[in-house]
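**Student:** need a 3D model of the sequence below.
(2 chains)
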Amino acid sequence: MRNAWKEVTSYQELLGNLIVTELKLRYRESFLGFLWTVLNPLFFLLVLALVFSQIIKFQMENYTMFLFAGMASYLMIQQTVLIATGSIVNNQGLIKKVSVPKIIFPLSNVLARFVDHLALILILLLFMVYFRMDFNWSLISLVPLILLHFLFSLGFSLMASVAYIRVRDVQHILSIGFQAFFYLSPIIYPTGVLPKGMQKIFLFNPFYYFIQSFRYPIYHGQFPPLMIWSVTFFLTVVVLGIGLWVFYKKEKSFVFQLS
Amino acid sequence: MKTEKESIAVNKQQPAVEVDSVSIRFMLPHDGDSSGPGKKGLLARIKPSPKREFWALQDVSFEVKKGEIIGIIGSNGAGKSTLLKIIAGIFPPTRGRVKTQGTVAPLLELGAAFNPELTGLENIYLTGSIYRIPRKVIREQINNIVDFSGLEKFIRVPIKNYSSGMFMRLAFSLVIFFKPEIVLIDEVFAVGDEVFQQKSFERILSFRKKGAAIVLVTHDANLITQICDRVLVLSDGKASYLGGAEEAVRHYRHLIQGGEGLDAKRQEPPPEPESKRWGSKEVEIVSVDFADERGQEKKEFLPGDYFEACIRYRSALKNKKPIFGVAVSTIYKLLIYGPNTLEAEFPEDIPSSGVIRFIIPEIPLMEGDYLFSAAVYDETLSKAFDHHEKMYHFRILADKRKEFGSVRIRSLWKMEHE
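**Tutor:** Numbers count the residues shown, from 1 in each chain, chains lettered A, B, ... in the order given. So this is what the prediction gives:
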C-alpha cells in the first residue's frame, strides 16, 4: 500500500498525462464530444424510466430518481471495471519498452472513468432540481460514497486486469456477470417486489449496499445508516486489499506474459 | 576479471550503474507444442503447456562509473539486449540486482512511448513524464527541442501522420534535451535512415563529458575499440571477459572464430539490411551484385581492393533518360558517398535491359559492415522508378595496417628539421 502510494506520487505527472490523453482521444473526433459519455447512460435511463413507470407502472413516488440513483452507483462500478480490465494488456507496448510502475495504467483508466462519472453525478443533481427532490445536508455523504465506489472499482479492476493477461475470457465473463447483477440487484425495482422472507437474499449481493448507499441521500434525502457505511467500507477495504496484493505479487511477471 | 572488479571497488567514485550477479530465466513454451504463446483462452489455462527453462543471463556483474562508456559485445543471442532491458528496468532479474543512480534513457527503441494519436508536442510532454522530467523543465526546453528536431511546422500534427524520419527526429531531440545521466544504447537504435541520426549519436556520446554513464551494445568491433573505455564480452549469457577494449575484442574474435568449436569461417551474421523499396517500376532494378576485377561475385573486400557493383535493370521507358544512383553508408546509416549517372554522360536512349556497373578502382573503406543502396530516377531526380534503400550489404575485412576509422583518406606523413 505504501509502495503503491510512493509509486503513484512520484509518477503523478505521467498519471495526469495518461488521463488527459485518454479523455482527449476519446472525444477529439466526435462532434458532441464529452457529452456522449453522459448521454449514453442517460438515454438508457430514460428508456427504463419510461418503460417501468408508464407501462409496467410501479407504484412509486419519483420512480425516475429512484432508478437514477441506483443506476449511477451500478454504472460507476460496471463501466470502470469493464474498461480497466484491459489496462495492462492494452498498454503492453509501453510496458515492454519502458520502465514505469504498472499500477499507473489501471489507475489512470479508473480515474479517467471517474471524470465521466462526475459529469453523470452533476446531471443527477440537475434531475433532483427538476423533480423537486429534497436538497439537504445528506448530499454531502455523496463525497465519501463516491470515494468508496472509486476505491472498490480500483481494487476490482486491479484483479481483473491481472487475470485478463493470462485468460482473455475474463472480459466476457465479467460483462455477463455485470449484466446478471443488473437484474439481480434492486436497481430497476424496489426490494419490496419480493415477498418479505425472500428479501434477505439481497443482503448477499455486494452491489446492493452500494446501490442503497446512493439512494439514501439522493432519493430519501437521508444520511445512509451505519449498516450501509460499514458494509460498503468493509467491502472496499477487502476488495482493494486483495486487488493490490494480487497486482503487486504478479507485477514482475507481466512483461514475460504479455505477447 | 577478478582484478578488474577489485580495481573498481577501490575507486571512490560512486558507480552510476551497478549490476550485481544478475541472472534471468525465461519460461519458453516447449518445442512442438501446438498451443503457442498466442493462445490466451480458458482452455489454454486449464491445460497449461509444458514450459522449458532458459537462462538468458547467468551471474553477470559489472559497474559503470560516471563518465564511462562500457561496451557490451557478443554474438546473437548472447543476452546483450536482455541485459540492457534489465538495466532499463523493463525485465526484473530472476536473481541478483541492479542499482542505477540518476535518470536512465534507454535508447532501445526510439519513440517507444509515443502515442501515434497525439501531436508531436503532446508526445514530448507524455514522454517527458515517463522519464520523470518535471513539466516545468520541459516547458523551458520546449523551444530548443522543437528547433533541434526541425519540426516546427508539424509539431501540432498527430504523429501518426509523420514520416519515419520525422518520428526519429522527434525522438532523438527529446533524448538530447533530457540530459540523461545513464544512456543505454542498443545497436539497432543507431540504424535509422538519416545523417541527422549520426549527429545525434555523436551528441549522445558527448554526454560522457558531462558525467553521463553510457552502456553500448553492438557487434561492431571497430566502434567498440574506438569509443569504449571498457568492454564486457557476453557468451551464452555469461560474462566471459571484462576489461580493456582491445583485449576484449581480441577475446571476442577468438571466441567466435574457434574457441567454441565453430569453424573459423563462421563469423557473426551480417546486419540485417533494412529492406525498403519504392518506385513506379517503369525502370526496374532486377539485381545488385558485388564483384572483383575478374567479375567474380563476392561480398567481402579488403581496403584498397577493386570494387564493382553490377546493377541489372529492365526498362519500359521511351524517350526519357533515367538516372542511376548508388549510395554507400555505414551500418549507423551515415551516408559516405552517393554519386549518380548525371555525371556519367550516358546516351539519351538506354537499352531495354542491361547492366550498369559502378566501379571503385581502390575502395577507400576500412574494416566494417557497409550498406549499399541502388536507385533509378527520372532526369529531374524527383520521381523514383525503383529505389532499393540500403537493401544490400558488403563487408570490408581488416588488413594488416594499424589504423582507425572507416575511410582511408589518401594522405602523407612528413618530417622536417627545424
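**Student:** now do the same contact list for the one residue sitting closest to the centre of chain A.
**Tutor:** Centroid-nearest residue in chain A: residue A:77, 1.9 Å away (criterion: Cα atoms, centre = their mean). Residue A:77 is in contact with A:149, A:152-153, A:156, A:207, A:210, counting by Cβ atoms under 8 Å, 6 or more residues apart in numbering or on different chains. (Glycine included, C-beta is placed from N, CA and C.)
**Student:** which among those gets closest to chain B?
**Tutor:** Distances from chain B to the contacts of residue A:77, taken as Cβ to the nearest Cβ, are shortest for residue A:156 (19.9 Å).
**Student:** can you count the residues close to that closest one?
**Tutor:** By the criterion of other Cβ atoms under 10 Å in any protein chain shown, residue A:156 has 25 neighbours.
**Student:** what about the helices in the chain?
**Tutor:** Just going to use chain A. When assigned using DSSP state H, the helices of chain A occupy the ranges A:2-10, A:12-27, A:35-50, A:63-84, A:87-90, A:92-95, A:104-130, A:142-166, A:170-184, A:206-215, A:226-250, A:254-257.
**Student:** oops, I was thinking of chain B
**Tutor:** Ranges of helices within chain B are B:2-10, B:42-46, B:80-87, B:120-130, B:135-149, B:164-178, B:187-190, B:195-205, B:221-227, B:245-254, based on DSSP H.
**Student:** adding distance to chain A, write the ones you listed out as CSV.
**Tutor:** Shown next, in CSV, are the helices of chain B (distance: least, Cβ to the nearest Cβ, whole Å):
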stretch, distance to chain A
helix B:2-10, 25
helix B:42-46, 5
helix B:80-87, 9
helix B:120-130, 4
helix B:135-149, 6
helix B:164-178, 12
helix B:187-190, 12
helix B:195-205, 17
helix B:221-227, 24
helix B:245-254, 28
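**Student:** dump these into CSV; add mean neighbour count and mean pLDDT as well.
**Tutor:** As requested, the helices of chain B are exported to CSV (neighbours: other Cβ atoms under 10 Å in any protein chain shown; pLDDT from 0 to 100):
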stretch, mean neighbour count, mean pLDDT
helix B:2-10, 10, 40
helix B:42-46, 13, 56
helix B:80-87, 23, 88
helix B:120-130, 23, 90
helix B:135-149, 15, 88
helix B:164-178, 21, 80
helix B:187-190, 21, 56
helix B:195-205, 17, 69
helix B:221-227, 19, 77
helix B:245-254, 18, 84
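**Student:** could I get the contacting residues of the residue in the stretch 51-200 of chain A that chain B sits nearest to?
**Tutor:** Using Cβ to the nearest Cβ, residue A:99 is the residue of the stretch 51-200 of chain A that sits closest to chain B, at 3.1 Å. Contact analysis of residue A:99 by Cβ under 8 Å, 6+ apart lists B:88-90, B:104, B:106.
**Student:** which of those sit farthest apart?
**Tutor:** Using Cβ to Cβ, the contacts of residue A:99 span at most 10.5 Å, a distance reached by B:90 and B:104.
**Student:** and stretch B:80-94, C-alpha only, in PDB?
**Tutor:** The C-alpha coordinates for stretch B:80-94 follow below in PDB (Å, rounded to 0.1, in the frame of the first residue of the first chain):
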ATOM      1  CA  LYS B  80      23.200  -8.400 -24.800                       C
ATOM      2  CA  SER B  81      19.800  -6.800 -25.300                       C
ATOM      3  CA  THR B  82      18.300  -8.700 -22.400                       C
ATOM      4  CA  LEU B  83      21.000  -7.200 -20.200                       C
ATOM      5  CA  LEU B  84      20.200  -3.700 -21.400                       C
ATOM      6  CA  LYS B  85      16.500  -4.300 -20.700                       C
ATOM      7  CA  ILE B  86      17.300  -5.400 -17.200                       C
ATOM      8  CA  ILE B  87      19.300  -2.300 -16.600                       C
ATOM      9  CA  ALA B  88      16.500  -0.200 -18.000                       C
ATOM     10  CA  GLY B  89      14.100  -1.800 -15.500                       C
ATOM     11  CA  ILE B  90      11.900  -3.500 -18.100                       C
ATOM     12  CA  PHE B  91      12.800  -7.000 -17.200                       C
ATOM     13  CA  PRO B  92      13.100  -7.800 -13.500                       C
ATOM     14  CA  PRO B  93      16.100 -10.100 -12.900                       C
ATOM     15  CA  THR B  94      15.300 -13.500 -11.600                       C
END
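**Student:** show me the contact partners of it.
**Tutor:** Residues outside stretch B:80-94 that contact it (Cβ under 8 Å, 6+ apart) are A:95-99, A:252, A:255-256, B:17, B:19, B:22-25, B:56-57, B:60, B:72-74, B:98, B:100, B:104, B:106, B:108, B:182, B:184, B:186, B:215, B:217, B:234.
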